[in-house]
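**Student:** Give the three-dimensional model of this entry:
(chains A and B)
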Amino acid sequence: MCGLIFVILFILLVLFLSSLVYPLPVNDSGLMRYRTVPWSTMFLIMVNAVIFVLWTAPDMYQVSEGGTEVELSPAYLNKIYYYGYSEYAVINGAGVGAFSTFSSTFMHANFWHLFGNMIYLWTFGRRVEDACGSWRFLVFYLLAGMVASMGSVLFRPGVDFIPSIGSSGAISGVMGAYLLLFWNAKIDCLWGAASVLRFPVALVKAIPHKHDDDYKIWRWTVTVPAWVVLIWFVFQNFIPSLEAIQNKGCACGVNYLAHFCGVVSALTVFLFVRKDLLIRYVYGRHL
Amino acid sequence: MDAQTLYHKGVQAIRERGDLKRGHGLLTRSLRHNPHNDMAWVWLVRTVQNPQIQLDYVERALRINPANHHALHIKEQLQTQALAPPTPPPITPPTPPPIPIPNQPTTSNPVTVASVTPNNTPPPASTAPTVAVPVTKAEKKRIMLLMQRAEDYLKTDNTEAAIAQWVKVLAIRVDYEEALAKASGHLWQLYYREDARELIGRAVLANTKIPTIYMTALDMAERQGDYAEAAALRERIASLPNADDELLVTVADYYCQRFQYEPAMQFIEHALEVNPNRQKLLLRLGDLHTELYRSQTALTYYDRAVRLGTRTTEGKDADQHLLRAVPVITDRERGSMILALREAAGFALFLLVMAWQDAGLNLLALGPQRWVGVLLGFVGSYLLITATSSPQQTPIAAWLGGHLPDHAGKRKHDEFHSKPGQAKPDPTQLPILAEDTRLMLGATGAFVLVLATWLVFYRSIGIVMDNPPPYLPW
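**Tutor:** Numbers count the residues shown, from 1 in each chain, chains lettered A, B, ... in the order given. This next block holds a predicted model:
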């Protein structure tokens, strides 16, 4: 029990520290028009978590032969190469062939990889799912994942063996769709620096609000326009993507090109969005 | 009172009591109901002093009955006066004709303003054209001259002469707005109220397209407590294709101020039938329905308003109303085959990307089997979509034996139980596929989709079925 509390506290501390400078989107405060439970988003988060916890994580580490250090186990690496998406596997039918376009989307390299992706999926996925409907959202999510994986290979040929895993390509598609559909929405971000900077301002402003119980002087999150968060995300991925195309890869361990292709795949969301919302969108109205 | 009774009472007032004012009022009302009574026009001559108006009344009587000897006699007198020296003798009133027996049927059909709708041809009220007919150069010159003369008379406080000039203008153009406004305004101030109404009424009967004239007529009718006339005029205003939205909203608000919401809504709906692209009216109608807690109906009007554009204040306002509600789905979207095909295209694209990868990321190597798979995927997903989210496509729903959904009871329930943000779609007039048909289409579509998936992904399915050994590139 103590161990679990320690782990949770540790996660919260890391989150707070990591979000001191860079905002971490944690919630979409917009209206869910259809008041639906985001079944597909929750299902995707659950499947990703279950696959990681029950299938990937147990084989992840092993103690080295000398017993002096912890290293990645061959079983884990084999899973990555077998189910991960690589040019070699797709073209030559190695591993699970083109099925890796789906399998790789549900695999994560470590806890923080999973956690980061899932928090973004939770933040942006619910409203996009609300706009599409659960089944269409699921198809869109998988399509975005496929386009992201495929794009990262087609634009960067020759990096044939290195597999890529993770749902970030598909989630980038969801984020791109969010940018297209709800660019004017507001996103609650965990952003330590902004919270600290807001504090003195809120303190002064609190004087006329002293009888207002809802007015909070200290807030852990700050509200940021969605377009700011998302365009920054696109920009962050665009430059390294160009670099990846030019240099045939990036040693950073992050497939920025897949993220960027995922964002581009968001254009297909108009094939999946609800017809009433689409008409609303066509007429230039807020969604 | 009917036209005939009004006529009798008017004649009695003039002949027996010498009450010209009352007689004028009663005769004018009689003529508003039945402008084809030539003798009413003849009697009306006695009630006014202006020779121009007198001549106009006589000519009207003669147009109805060219053999009316009273009218001919008066006309002769008036023409003689016109040629005579400046101080004319007073017009000899016509010999009172024998008063017919009350309620005796007349040959003419009673026509009221209320019956003069765009669908009914109005009675010939005046030979002078309305603004709908372009003004000639000569007419324009004459009008300008008369208007100038009227202004000159007005400066010398000779209001009656000024009025005479404006009436002359109205003889050229029955709804010349400025002349009409000034003439009727001064007549009203001088307590010649029936004369003022008469001038306005002529323009209305001539089917003028100028909304302000109707508004003036409406105002006058209301001031004199003629509510039936006022109601008829509102109907006429609603029928005007060029009426300003602001004006129409003002008329609708007149009802609202008296808590007459249903007539207000009927008025706006009538105006919208004439011109459905009136954003301000749509917004007002939405607001009225909101005030009456008919949130669902209100949303349909807000939606229509927004579809006309969101750059206007009304569009933005309507969009704000819709922002917290589920978007309204209309029959246009429900019945659209293109929107259904769009969804099917999404699924087909999904299968195409799958096929592309299955072909080793070489689009040219897709082969006929995978292309057939993509095509089948399109067909299968279309069937599935038709069965689920688009069962009211036109004309497919009708072809496949669709029927109109029975939503009457449900709609009533929804009106009273809908919560904010949980609006229901507006009632549909499109046939919907039967449950059995949808089930069959859905099952067929699902089967075709499975087949399509196998066709586009057959290589990868084969790889997985063969259970290849794990590999490491080193």
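**Student:** Excluding chain neighbours, what is closest to the residue in chain A that chain B sits nearest to?
**Tutor:** Nearest to chain B in chain A, going by Cβ to the nearest Cβ, is A:Leu271, at a distance of 3.2 Å. In short, each C-beta sits where N, CA and C put it, glycine included. Distances taken as Cβ to Cβ, 6 or more residues apart in numbering or on different chains put B:Gly346 closest to A:Leu271, at 3.2 Å, once the chain neighbours are dropped.
**Student:** Could you do B:Val169 as well?
**Tutor:** The nearest residue in space to B:Val169 (Cβ to Cβ, 6+ apart) is B:Ala179, at 3.9 Å.
**Student:** List the residues that contact the one you found.
**Tutor:** With contact set as Cβ atoms under 8 Å, 6 or more residues apart in numbering or on different chains, B:Ala179 has these partners: B:143, B:146-147, B:150, B:166-167, B:169-170, B:173.
**Student:** From these, which land in helices?
**Tutor:** B:143, B:146-147, B:150, B:166-167, B:169-170 (DSSP state H).
**Student:** Is any residue of stretch A:84-92 near chain B?
**Tutor:** Yes - remark: stretch A:84-92 sits within contact range of chain B at A:87-88, A:90-92, by Cβ under 8 Å from any Cβ of the partner chain.
**Student:** Residues of the stretch 51-200 of chain A that sit close to chain B?
**Tutor:** Looking at chain B, the residues of the stretch 51-200 of chain A close enough under Cβ under 8 Å from any Cβ are A:74, A:77-78, A:81-82, A:87-88, A:90-99, A:101, A:133, A:136, A:139-140, A:142-143, A:146-147, A:150, A:153-154, A:161.
**Student:** which of those are buried?
**Tutor:** Neighbour counting by 16 or more other Cβ atoms under 10 Å in any protein chain shown classes A:77, A:81-82, A:87-88, A:90-91, A:93-99, A:101, A:133, A:136, A:139-140, A:142-143, A:146-147, A:150, A:153 among those as buried.
**Student:** Please report phi then psi for the residue lying closest to B:Gln357 once chain neighbours are set aside.
**Tutor:** If the residues on either side of it in the chain are set aside, B:Gln357 comes closest to A:Ala98, at 3.9 Å by Cβ to Cβ, 6+ apart. The phi/psi pair for A:Ala98 (degrees, to the nearest 10) reads phi -70, psi -10.
**Student:** What confidence value was assigned to A:Ala98?
**Tutor:** On the pLDDT scale, A:Ala98 is placed at 90.
**Student:** which ones are touching it?
**Tutor:** Going by Cβ under 8 Å, 6+ apart, the list of residues near A:Ala98 reads A:90, B:354, B:357-358, B:457, B:459-460.
**Student:** Flag whichever of those residues scores worst on pLDDT.
**Tutor:** A:Val90 (88).
**Student:** quick one on the thing from earlier: check which helix or strand the residue nearest to A:Leu271 maps to.
**Tutor:** Following DSSP states H and E, one finds B:Gly346 within helix B:337-358.
**Student:** Where in chain B is the helix or strand with the lowest mean pLDDT?
**Tutor:** For chain B, the helix or strand with the lowest mean confidence is helix B:408-417, at a mean of 43 (criterion: mean pLDDT, DSSP states H and E).
**Student:** continuing past it, what's the next helix or strand?
**Tutor:** Counting by DSSP H and E, what follows helix B:408-417 is helix B:435-456.
**Student:** So which bits of that following helix are buried?
**Tutor:** B:437-438, B:441-442, B:445, B:448-449, B:452-453, B:455-456.
**Student:** now swap in stretch A:188-201 and tell me
**Tutor:** Buried, per 16+ other Cβ under 10 Å, within stretch A:188-201: A:188-192, A:194-195, A:198.
**Student:** Now pLDDT too, for these, in a markdown table please.
**Tutor:** Output for the buried residues of stretch A:188-201, formatted as a markdown table (pLDDT from 0 to 100):
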| residue | pLDDT |
| --- | --- |
| A:Asp188 | 91 |
| A:Cys189 | 90 |
| A:Leu190 | 87 |
| A:Trp191 | 86 |
| A:Gly192 | 82 |
| A:Ala194 | 84 |
| A:Ser195 | 84 |
| A:Arg198 | 84 |
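**Student:** State the pLDDT value of the residue nearest to the spatial centre of chain A.
**Tutor:** Nearest residue to the geometric centre of chain A (Cα atoms, centre = their mean): A:Asn117, 3.4 Å. Looking at A:Asn117, its pLDDT stands at 94.
**Student:** Run through the neighbouring helices and strands of the helix or strand harbouring it.
**Tutor:** In the assignment (DSSP H and E), A:Asn117 maps to helix A:111-132. Secondary-structure packing of helix A:111-132 (3 or more Cβ pairs under 8 Å, 6 or more residues apart in numbering or on different chains; DSSP states H and E): strand A:24-28, helix A:39-50, helix A:134-154, helix A:168-181.
**Student:** what's the next secondary structure element after the second one?
**Tutor:** Using DSSP H and E, the helix or strand that follows helix A:39-50 in sequence is strand A:61-63.
**Student:** Each with direction, which strands does that next one pair with?
**Tutor:** Here strand A:61-63 is paired, per DSSP bridges, with strand A:70-72 (antiparallel).
**Student:** And the contacts of the strand it pairs with?
**Tutor:** A:60-64.
**Student:** Next, the contact list for the closest residue to A:Tyr34 other than its chain neighbours, please.
**Tutor:** Leaving out its chain neighbours, the residue that sits closest to A:Tyr34 by Cβ to Cβ, 6+ apart is A:Asp130, at 5.5 Å. By Cβ under 8 Å, 6+ apart, the residues touching A:Asp130 are A:32-34, A:36, A:38.
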